[in-house]
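[1] generate a structure from the sequence data that follows.
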Amino acid sequence: MAQDEGTSDTGTSAPPDAAVDTTSNDSLAWAGDSLGAAVDTIGPPMDLDYGYKGFMWGTPLGAAIPNLQYMSEPVFIRDSTALQLSGYLGQKDVVIEYVFSDSGFWKVEIHYALDPSDYESHLELFTQIERSLSEVYGFPQTTDRIESGAMGVHDVVNIGFERAFYFSSWNVSPVKISLLLNSIVQVPRNDLNVFGDDMSIMNLVYYNPDYMIMADEIFVEEPMPSIFDIY
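    Residues are numbered from 1 along each chain as shown. Okay, the predicted model is just below:
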């Protein structure tokens, strides 16, 4: 889905250009909402050791998350194990999910809206976000780049696909940061996509492995049915 210059699908108003924090080295953030802020002098510590944007790692499900500028109110998803918000991070149309385990809050997923027919814009957006993260957290610890262009002649009947897999990760102990692009764009490019518009994704994830804990489920093994019951 291409980004709407006015409002997102949830009705959240796009931030005005005048609100951009041009002094911050984190171009993903807006004034007063910086990923790079190390300490909040009037509240709890705001760096990644503590949590994400003032929400502490390990906080149990049901606790109120801090308000994020230009984002909607959170709603429960994934059988009520995650909270989802929609709106804008910088000038990018995003969906943000706060995910909980049995140990509490452990992960944030940021899903970026992508134009399903614009392959180059996917690569440009990944590069832009990667550069912004590197300005705050240093060069990526891990990178991976795979691209595969569509081969042969294609028309509306015989289609091909341009593909790219980009991945970068940072280790900001105790937190891991991962940025992933899986781009699949139909060739020829048009609005009539055979496999729909949801083939490409780009996600930015902050997660704390110390809270990646789920209680072991107890399975009761049932006896196999008798051969006489089967036949």
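
[2] count the neighbours of Ile110 for me.
    18 (other CB atoms under 10 Å). C-beta coordinates here come from the backbone N, C-alpha and C atoms, glycine included.

[3] tell me the confidence at the closest residue to it other than its chain neighbours?
    Counting by CB to CB, 6 or more residues apart in numbering, Ile110 lies nearest to Leu204, which is 4.2 Å off, once chain neighbours are set aside. For Leu204, the model assigns a pLDDT of 98.

[4] quick one: buried residues of the host helix or strand of Leu204?
    For Leu204, the host element (DSSP states H and E) is strand 201-207. Residues Met202, Asn203, Leu204, Val205, Tyr206, Tyr207 are the ones in strand 201-207 that count as buried (16 or more other CB atoms under 10 Å).

[5] tell me what it is packed against?
    strand 104-112, helix 119-137, strand 175-187 (3 or more CB pairs under 8 Å, 6 or more residues apart in numbering; DSSP states H and E).

[6] next, the angle from the shortest one to strand 201-207.
    Okay, so that is strand 104-112. 150 degrees (axes from the mean of the first three to the mean of the last three CA atoms, to 10 degrees).

[7] chain center to strand 104-112, what's the gap?
    Taking CA atoms, centre = their mean, to the nearest Å, one finds strand 104-112 lying 7 Å from the centre of the chain it belongs to.

[8] for Pro66, see how far away the nearest residue to Met56 once chain neighbours are set aside is.
    Among residues not flanking Met56 along the chain, Tyr50 sits closest, at 5.8 Å (CB to CB, 6+ apart). Distance of Tyr50 to Pro66, given as CB to CB, to the nearest Å: 12 Å.
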